[in-house]
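Asks: return a 3D structure for these sequence lines:
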Amino acid sequence: MSSPEDPKPDTVVVANHDTGMDPFLVAQAQQAAAKEKAMPLKQAVPIFWRGMFWSGILSVALVMEGFDVVQLGAFYAQPAFQKHFGEPTSSGSGYYIPANWQSAIGNSGTAGTVLGLIFNAWAQYRYGSKWVYVGAMTLLIGALAFTPFAPSLTVILIGSIFIGFLNGIFQTLTTAYAAELCPMVVRPYLTSWVNVCWTLGALLGSATQNATLNFPGDSAWKTPLYLQWIWPGPLIVAAIFAPESPWHLTRTGQIDEAKKSISRLAYPGYYSEDDLTAQVALMQHTLAIEALEHKDQSFLNCFKGTNLRRTEIVAAVFAVQQWCGQPMTSLSTQLLTSVGLSVTNSFRISLATYGMGLLGTLLMWGGIGRFGRRRIYLVGQAGMAIVLGVMGILGFFKTTAIVYTTSAMLIFMNFIFQCTVGPACYTYVAELPAAEVRSPTIVVARGAYILSGLVTGQLTPRMLSTEEWDWGAKCGLFWMGTNILGLIYCYFRMPETRGRTFGELDILFSNHVPARKFASTNVEEFEELNDPMGEKEKETGEVQHVEALAS
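Replies: Now for the predicted structure:
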């Protein structure tokens, strides 16, 4: 890399910067970009607290998903649920839910989620975020009735498909909405808040399970399900009053509406009319850069040109969450009972696991702006690999001390995950896709996560079930191996996105900058202002790029 005194070889210009925009609008876009990059967090929060509020409220939909996922995972170890839906154990001392049914219910929810992801990619692009959100949340009110009133596991399976479909909509909609609502400095906190909501839902679900464990009869497992109806009503009202994404409005040519939406994201009077025009111009400029390569949004465009690399990376980064050992925490109660802990203590440890996970996510906020996404991700994977290795070794021993040590390892592993890989993933997946295909790219990435979940959803119950493979904590060695493979991939392919506007990321990818050089490469997003005919870029742009890679 060249010295700081000679930064030119590290400069990348737009490969083809004839966007066709009015030079005056481009100049305004440049000013808006410079202002956004220079704004510190302590200044942005009091200015844009309204936008942060709306993004945070809509992301609460993920609280419901986290709550729901924990319920089903915990029910498999819930005595009342086992007795109602299960089969007698081989010893005749109790009941259990067969691993095939566990996998079938989990995978049916996954299948529904995939359909929801695909539907949302089309619906959010066409209709925007808020009305798709309102419609899906309204349908969820009815879908939540399937499980508590189910007479059989078959009905629970059908309900999982419907609920999974609606959860699939919320998964990508809230992440894309958070990425597009506020300035760059606030973006990682809004997108990682999605993970906070999921973790909070898991914590509430675990706490509810622990509180209702000894309720009489079927109320022990039905009561937590009834509580899910608390959320949809208030969230529907909030979404009706929420602003639409200004990126969606700009992309669809609703410029006046986009300006109104932008003005609602900051405190009243912050934006002048010229400021609003500049903000819209910045969005138009970014979309124009992307339009040089692709003219419209479609799933196919996720796999064309530079978008192919971006899609590959976000899909792999999302899939890493399924292969890092984290799926064990959704079945933590079952894991802990398999290594000898009582059902009551297993539920309490599960509650502590999610509580520490929530704390970890909040602590991550203190580091994501300082250390960046890439470093946090890599450190988290390495830390989890070590903990999983220790847990796997402990699985060969059956003393009381080992049982509680395994419990501590599970809590610590989830803490590391929620400090690093969990929340950083949502920030990364929201930032990396091109604006024009952000929603479809997130859908593809989430699809990779779900497809991986289909595999881990088959493996994990069998690893933990005493009636199947009965690996117990020894499965930590398996997850350590998959974690290390993910770490190697991310080291070579995962670029740093901290401090980059969406337009700068477009330019870095169009110039094929290697992942490990993203952070150190200087980007001239608005070089066209000084070279309106594009001659300088045609003559020197490629040379500068080659020199940058060779230095």
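Asks: C-alpha from now on. contacts and neighbour counts both.
Replies: OK.
Asks: list the buried ones in stretch 404-423?
Replies: Buried residues in stretch 404-423, counted by 16 or more other Cα atoms under 10 Å: 404, 406-407, 409-423.
Asks: alpha carbons of it, as CSV, please.
Replies: Provided in CSV are the C-alpha atoms of stretch 404-423 (Å, rounded to 0.1, in the frame of the first residue of the first chain):
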residue,chain,number,x,y,z
TYR,A,404,-22.9,-27.0,35.2
THR,A,405,-19.7,-26.1,33.4
THR,A,406,-21.4,-27.1,30.1
SER,A,407,-24.3,-24.8,31.1
ALA,A,408,-21.8,-21.9,31.7
MET,A,409,-20.2,-22.6,28.3
LEU,A,410,-23.5,-22.4,26.5
ILE,A,411,-24.3,-19.1,28.2
PHE,A,412,-20.9,-17.8,27.3
MET,A,413,-21.1,-18.9,23.7
ASN,A,414,-24.4,-17.2,23.2
PHE,A,415,-23.0,-14.0,24.9
ILE,A,416,-20.1,-14.0,22.4
PHE,A,417,-22.5,-14.6,19.5
GLN,A,418,-24.8,-11.7,20.5
CYS,A,419,-21.7,-9.4,21.1
THR,A,420,-20.4,-10.1,17.6
VAL,A,421,-21.8,-12.3,14.8
GLY,A,422,-25.5,-11.9,15.7
PRO,A,423,-26.1,-8.1,15.5
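Asks: what mean pLDDT does that stretch get?
Replies: Average pLDDT, stretch 404-423: 83.
Asks: okay, strands next: where are they in the chain?
Replies: Applying DSSP state E to the chain gives strands spanning 11-13, 87-88, 95-96, 522-524.
Asks: so which of the ones you listed gets nearest residue 452?
Replies: Closest approach to residue 452 among these is made by strand 95-96 (25.7 Å; Cα to Cα).
Asks: elements contacting the closest one?
Replies: Contact partners of strand 95-96 among helices and strands, from 3 or more Cα pairs under 8 Å, 6 or more residues apart in numbering; DSSP states H and E: helix 79-85, strand 87-88.
Asks: quick one: closest of the ones you listed to residue 525.
Replies: Nearest to residue 525, of these and by Cα to Cα, is helix 79-85 at 58.4 Å.
Asks: contacts for that closest one, please.
Replies: 75, 76, 94, 95, 96, 97, 152, 153, 217, 218, 220, 221 (Cα atoms under 8 Å, 6 or more residues apart in numbering).
Asks: return a PyMOL selection command for the buried portion of these.
Replies: Remark: buried members of the contacts of helix 79-85, expressed as a PyMOL selection using 16+ other Cα under 10 Å:
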select buried, resi 75+76+95+96+97+153+220+221
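Asks: in JSON lines, list the contacts of helix 79-85 along with pLDDT.
Replies: Formatted as JSON lines, the contacts of helix 79-85 follow (pLDDT from 0 to 100):
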{"residue": "75", "pLDDT": "78"}
{"residue": "76", "pLDDT": "78"}
{"residue": "94", "pLDDT": "82"}
{"residue": "95", "pLDDT": "85"}
{"residue": "96", "pLDDT": "84"}
{"residue": "97", "pLDDT": "85"}
{"residue": "152", "pLDDT": "89"}
{"residue": "153", "pLDDT": "90"}
{"residue": "217", "pLDDT": "82"}
{"residue": "218", "pLDDT": "84"}
{"residue": "220", "pLDDT": "83"}
{"residue": "221", "pLDDT": "85"}
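Asks: can you pull the poorly scored residue ranges out of the stretch 1-150 of the chain?
Replies: 1-21 (pLDDT under 70).
Asks: residue contacts, residue 418?
Replies: The contact partners of residue 418, by Cα under 8 Å, 6+ apart, come to 357, 358, 359, 360, 361, 364.
Asks: redo the residues you listed as JSON lines? Include distance to residue 510.
Replies: Shown next, in JSON lines, are those (distance: Cα to Cα, whole Å):
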{"residue": "357", "distance to residue 510": "37"}
{"residue": "358", "distance to residue 510": "37"}
{"residue": "359", "distance to residue 510": "38"}
{"residue": "360", "distance to residue 510": "36"}
{"residue": "361", "distance to residue 510": "33"}
{"residue": "364", "distance to residue 510": "31"}
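Asks: just the buried members of those residues?
Replies: Using 16+ other Cα under 10 Å, the buried members of those are 357, 358, 359, 360, 361, 364.
Asks: ok, the fourth one touching residue 416?
Replies: Just to be clear, that refers to residue 360. Yes: look at residue 360 against residue 416 with Cα atoms under 8 Å: they come within range, at 6.9 Å.
Asks: follow-up on the earlier one: out of the helices and strands packed on strand 95-96, which comes closest to residue 483?
Replies: Set against residue 483 and scored by Cα to Cα, the helices and strands packed on strand 95-96 come closest in helix 79-85, at 32.5 Å.
Asks: quick one: closest of the helices and strands packed on strand 95-96 to residue 244.
Replies: Short answer: helix 79-85, nearest of the helices and strands packed on strand 95-96 by Cα to Cα, at 42.3 Å.
Asks: output the closest one as CSV, nothing but the C-alphas.
Replies: Extracted C-alpha coordinates of helix 79-85, given in CSV (Å, rounded to 0.1, in the frame of the first residue of the first chain):
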residue,chain,number,x,y,z
PRO,A,79,-43.7,-32.2,30.3
ALA,A,80,-47.3,-31.0,29.7
PHE,A,81,-46.6,-30.5,25.9
GLN,A,82,-44.8,-33.9,25.7
LYS,A,83,-47.7,-35.6,27.4
HIS,A,84,-50.3,-34.0,25.2
PHE,A,85,-48.6,-34.5,21.8
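Asks: of the strands of the chain, which approaches residue 471 most closely?
Replies: Nearest of the strands of the chain (Cα to Cα): strand 95-96, 16.9 Å.
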